[in-house]
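1. When you get a sec, could you give me coordinates for this:
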Amino acid sequence: NFILSHTRGGQFNADYNEISAALTKSVSDANTEVHNRAAANDELRGMGTTLVAALVSDGKIYTENVGDSRMYMIPGSEITQISHDHSYVQYLLDIGKITEEEARSSNNRNIITRAVGTERSVETDIFFTKRPDVRDVYILLCSDGLTNMVSDDMIKRIICSQSGNLTDAESLKFKTEQLVQAANSLGGTDNITAVLIKL
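-> Reported below is the predicted structural model:
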């Protein structure tokens, strides 16, 4: 899975259209690179990857995803999935064919409907949110190796837990390691990638 995170300070004042265009171009460039490499090597033919990216600027958060890697926002004691899965199970959920409980236990969770590199071009989704007006706000970028094993509620509990006398950097590292350990302890059936950011 291909996970990008990028934060900029107040000097970055491009409007939504400019930022969206820059994010879209980045994914298009990545798609071309993966597609060309796969086309040049028979052993890699057909390969692809999922992607989730976040850009934070002046209290605004731009999220982009392809596939089923996710971005969560955790303000205070809440957790919200910002990205939208491009998967067969999500499609069935969206049209009301299955329930959320059935989606969580489906054997088809690994079937994605979009990926970076499998075609010459790729469609990406971009989401715009504002930083919630609470003290602690976290952003989690992660692969399905985490979310297929660990529930949203457990993710929230780990991230919102107290970290003692750790610095912010130490706390983020500790919480990220706890997330990966939780996924492994529950089966760890896929690669687990997680990036945790505190705003």
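2. Leu146: how many residues sit nearby?
-> 26 (other Cβ atoms under 10 Å). For glycine as for every other residue, the C-beta is placed from the backbone atoms N, C-alpha and C.
3. Contacts only, for it.
-> Residues counted as contacts of Leu146 (Cβ atoms under 8 Å, 6 or more residues apart in numbering) are Ile155, Leu179, Val180, Ala183, Ile192, Thr193, Ala194.
4. Apply 6 Å and report the result again.
-> By Cβ atoms under 6 Å, 6 or more residues apart in numbering, the residues touching Leu146 are Ala183, Ile192, Ala194.
5. Which ones among those lie within helices?
-> Under the assignment DSSP state H, the contacts of Leu146 contribute Ala183 to helices.
6. for the chain, which helix is longest?
-> The chain, longest helix under DSSP H: helix 16-39.
7. gap between the helix or strand following that helix and the chain center?
-> Per DSSP states H and E, helix 16-39 leads on to strand 51-57 as the next helix or strand towards the C-terminus. Its chain's C-alpha centre and that of strand 51-57 lie 9 Å apart, by Cα atoms, centre = their mean, to the nearest Å.
8. Now do strand 51-57 and helix 16-39, the angle between them.
-> Angle of strand 51-57 versus helix 16-39, following axes from the mean of the first three to the mean of the last three Cα atoms, to 10 degrees, is 150 degrees.
9. Tell me the pLDDT of the residue nearest the centre of the chain.
-> The chain has Arg70 as the residue nearest its centroid, 2.6 Å off, counting by Cα atoms, centre = their mean. You'll see Arg70 listed with a pLDDT of 97.
10. OK, contacts around it?
-> Arg70 is in contact with Gln81, Ser83, Cys142, Thr147, counting by Cβ under 6 Å, 6+ apart.
11. again with Gly145
-> So Gly145 contacts Asp190, Asn191, Ile192 (Cβ under 6 Å, 6+ apart).
12. Show me which residues of the longest helix of the chain are buried.
-> For helix 16-39, burial by neighbour count (16 or more other Cβ atoms under 10 Å) applies to Ile19, Ser20, Leu23, Ser26, Val27, Ala30, Asn31, Val34, His35, Ala38.
13. any low-confidence regions in the chain?
-> By pLDDT under 70, the low-scoring segments of the chain are 1-14.
14. Repeat the analysis, applying 80 as the threshold.
-> In the predicted model of the chain, residues 1-15 satisfy pLDDT under 80.
15. Report the separation between the residue nearest to Asn191 when sequence neighbours are not counted and Gly188.
-> Computed as Cβ to Cβ, 6 or more residues apart in numbering, the closest residue to Asn191 that is not its neighbour in sequence is Gly145, at 4.8 Å. Distance of Gly145 to Gly188, computed by Cβ to Cβ, to the nearest Å: 7 Å.
16. swap in Glu170?
-> Between Glu170 and Gly188 the computed distance is 24 Å (Cβ to Cβ).
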